[in-house]
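Undergrad: What would the 3D arrangement of this be:
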Amino acid sequence: HAEETVARLTAKVMQPICVAFMTTLVIATLMEKARCSYLPESALTILVGAALGFTLEACALLPRGVLLEINAPTLNMIFLPLIIFESGWSLRSKDFASQFIYIAVFAVLGTFLAMLVVAGLLSATGGGAQIIHEARTAVTFASLIAATDPVATLSTYSALQVEPLLHIFVFGESTINDAVAIVVFDIMNDDAVFGPPCPNKLPLQQLSLNIGLGILKKLGGSIGIGVLAAFIYTLVLKCGDMRHAHSYEILFIVVSCYLTFSTAERMHCSGIIAVLFAGIFMGIYSRPHLSKDGATLCNFFIKEMAIYADMGVFLLVGVDIILVEGKSLRFSLWVMLFCLVGRAVAILVCGWLVNAAKRMAGRKHGKERLTLSRSYLFMMWHAGLRGGIALVLCLEMGDWVDVLNGTGTKQELINATIVVIIAFLLLFGGTT
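TA: Numbering: from 1, shown residues only. Okay, the predicted model is just below:
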């Protein structure tokens, strides 16, 4: 019986996935050799995933119910901890620190502005042009779709060696705005904050208190767990003196991101935020306790594992195309339009504030500060791609969505998120 199970899983799961990964790697290598940059590697992975999904569906090897069931656990417990940890670990701390306040304006204020614009447009057009007609659903969906993931853009930036200022702004904003989007989403998605979805709604004062306490608990708790975990891991590396064993110190660093993620989730905090801050602080304080060769190998190994995890995310997004139905496309077009408008408002407002602050600081210290030009601001707007975080959050939306907004709404939102990820990646990732 066990042998039959192994044989069935290898034939229906392991073999198709391995073929898809290897196909992507071979085609990506050929495209890089031919200097073909109009199709990013992530977009190529999605296309291969789509081919895999349609093949599995045609052969009746992947029921849609199973795909929906494995989506969130696979993304959350396998791929995202590595991707998020690597973004924190590889953060150029000096460049990031020098621009932190300005980056935070885009990542925090900009994300809130984009959320409000998208939520407002969804509410204003609800019931007629598109399916969302309830305020909580609009804000929740706006919060998850506001999380940018410009992996294809950053890859192109690295290849083209663009200006460091533009690179650190795009990278830094995408790193921090994930935390903002996750906290807002978790609060809006929590029935403990809003009470039962119908019909007795909480008083506004009680609701405001619940939201405020929820944000403090979720954000503060997650950051605290990440920082504390980084301190403990650094102490272990220092006291354990693992410098003589390169493989062990590298594996210790890699496994730490999964332990941090699981600990935060068990304590009802955000594993993604905890892993992000653990990665940032470990990149600063744990790296010096690795051997010189170990640090070099660790940087390489974590980077390659994150690339593998990114491929897994976009491969899964490609497979998920089989879930999208024709009726979802109209709503997806509205969502894309609202996202572009929201991103434009956020970039224009935050760009003006940042440039004004830079000029004031320059006059105060007698030095000219490098401001963000119109071309920089346009490229930041252009870099507003969506990725795995948006899909994971959408998959985690509660059943209250269908209760408040009508049966089938949650599936429509999942479909729209998949379409937005793919469309923005092909449109903006390929034109960077």
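Undergrad: Can you report how many residues neighbour the closest residue to residue 244 other than its chain neighbours?
TA: Excluding the flanking residues, the one nearest residue 244 by C-beta to C-beta, 6 or more residues apart in numbering is residue 291, at 7.4 Å. Every C-beta, even on glycine, is put in place using the N, C-alpha and C of the backbone. Using other C-beta atoms under 10 Å, residue 291 has 16 neighbouring residues.
Undergrad: ok now do residue 291, which residues does it touch?
TA: When contacts are counted by C-beta atoms under 8 Å, 6 or more residues apart in numbering, residue 291 touches 243-244, 246, 249.
Undergrad: Recalculate using a threshold of 10 Å.
TA: Taking C-beta atoms under 10 Å, 6 or more residues apart in numbering, we find residue 291 in contact with 241-246, 249, 297-298.
Undergrad: Over to residue 273?
TA: 84, 178-180, 182-183, 186, 218-219, 221-223, 225-226, 261, 264.
Undergrad: again, only using 8 Å
TA: 178-179, 182-183, 218-219, 222-223, 226, 264.
Undergrad: so where's this structure uncertain?
TA: Low-confidence regions of the chain, defined by pLDDT under 70, span residues 1, 37, 127-129, 151-161, 195-208, 326, 365-369, 430-432.
Undergrad: Could you check how far the residue lying closest to residue 273 once chain neighbours are set aside is from residue 280?
TA: Excluding the flanking residues, the one nearest residue 273 by C-beta to C-beta, 6+ apart is residue 222, at 3.8 Å. Using C-beta to C-beta, to the nearest Å, residue 222 is found at 13 Å from residue 280.
Undergrad: returning to that earlier point: most neighbours of all the contacts of residue 273, which one?
TA: Highest count within these by other C-beta under 10 Å belongs to residue 226, 31 neighbours.
Undergrad: C-terminal to the helix or strand harbouring that one, what's the next element?
TA: Element membership of residue 226 [criterion: DSSP states H and E] is helix 221-240. Next in sequence after helix 221-240, counting helices and strands by DSSP H and E, comes helix 246-266.
Undergrad: Export that following helix to PDB, keeping only CA atoms.
TA: Written as PDB, here are the backbone C-alpha positions of helix 246-266 (Å, rounded to 0.1, in the frame of the first residue of the first chain):
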ATOM      1  CA  HIS A 246      30.600  26.000   7.300                       C
ATOM      2  CA  SER A 247      27.700  23.700   6.400                       C
ATOM      3  CA  TYR A 248      26.300  23.700   9.900                       C
ATOM      4  CA  GLU A 249      26.400  27.500  10.300                       C
ATOM      5  CA  ILE A 250      24.800  28.000   6.900                       C
ATOM      6  CA  LEU A 251      22.000  25.400   7.700                       C
ATOM      7  CA  PHE A 252      21.500  27.000  11.100                       C
ATOM      8  CA  ILE A 253      20.800  30.400   9.400                       C
ATOM      9  CA  VAL A 254      18.400  28.900   6.900                       C
ATOM     10  CA  VAL A 255      16.400  26.800   9.400                       C
ATOM     11  CA  SER A 256      16.200  29.800  11.700                       C
ATOM     12  CA  CYS A 257      13.700  31.600   9.300                       C
ATOM     13  CA  TYR A 258      11.300  28.600   9.500                       C
ATOM     14  CA  LEU A 259      11.500  28.500  13.300                       C
ATOM     15  CA  THR A 260      10.900  32.200  13.500                       C
ATOM     16  CA  PHE A 261       7.900  31.900  11.200                       C
ATOM     17  CA  SER A 262       6.300  29.000  13.000                       C
ATOM     18  CA  THR A 263       6.900  30.700  16.400                       C
ATOM     19  CA  ALA A 264       5.200  33.900  15.400                       C
ATOM     20  CA  GLU A 265       2.300  32.100  13.800                       C
ATOM     21  CA  ARG A 266       1.800  30.000  16.900                       C
END
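Undergrad: And the contacts of that helix?
TA: Helix 246-266 is contacted from outside by 77, 81-82, 84-85, 89, 221-222, 225-226, 229, 233, 236-237, 242-243, 270-275, 278-279, 282, 286, 290-291, 293-294, 297-298, 301-302, 305, using C-beta under 8 Å, 6+ apart.
Undergrad: Could you give me the PyMOL syntax to select whichever of those residues are buried?
TA: The PyMOL command for the buried members of the contacts of helix 246-266 (criterion: 16 or more other C-beta atoms under 10 Å) is given here:
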select buried, resi 81+82+84+85+89+221+222+225+226+229+233+237+242+243+270+271+272+273+274+275+278+279+282+286+290+291+294+297+298+301+302+305
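Undergrad: centre of the chain versus stretch 49-61, how much separation?
TA: From the chain centre to the centre of stretch 49-61 is a distance of 26 Å (C-alpha atoms, centre = their mean, to the nearest Å).
Undergrad: how about that stretch: buried residues?
TA: 49-50, 52-53, 55-57.
Undergrad: which helices and strands does the biggest helix by length in the chain pack with?
TA: Secondary structure of the chain per DSSP state H: the longest helix is helix 327-365. Using 3 or more C-beta pairs under 8 Å, 6 or more residues apart in numbering; DSSP states H and E, the elements in contact with helix 327-365 are helix 100-104, helix 111-125, helix 135-145, helix 374-382, helix 409-424.
Undergrad: chain center to that helix, what's the gap?
TA: With C-alpha atoms, centre = their mean, you get 18 Å for helix 327-365.
Undergrad: tell me the angle that helix makes with helix 135-145.
TA: If you take axes from the mean of the first three to the mean of the last three C-alpha atoms, to 10 degrees, helix 327-365 sits at 70 degrees to helix 135-145.
Undergrad: in helix 327-365, what counts as buried?
TA: Applying 16+ other C-beta under 10 Å to helix 327-365 flags 328, 331-336, 338-339, 342-347, 350-351, 354-355, 358 as buried.
Undergrad: Of the buried residues of stretch 49-61, which belong to helices?
TA: Judged by DSSP H, helices contain the following of these: 49-50, 52-53, 55-57.
Undergrad: Looking at those, which is nearest residue 109?
TA: residue 49 (35.0 Å; C-beta to C-beta).
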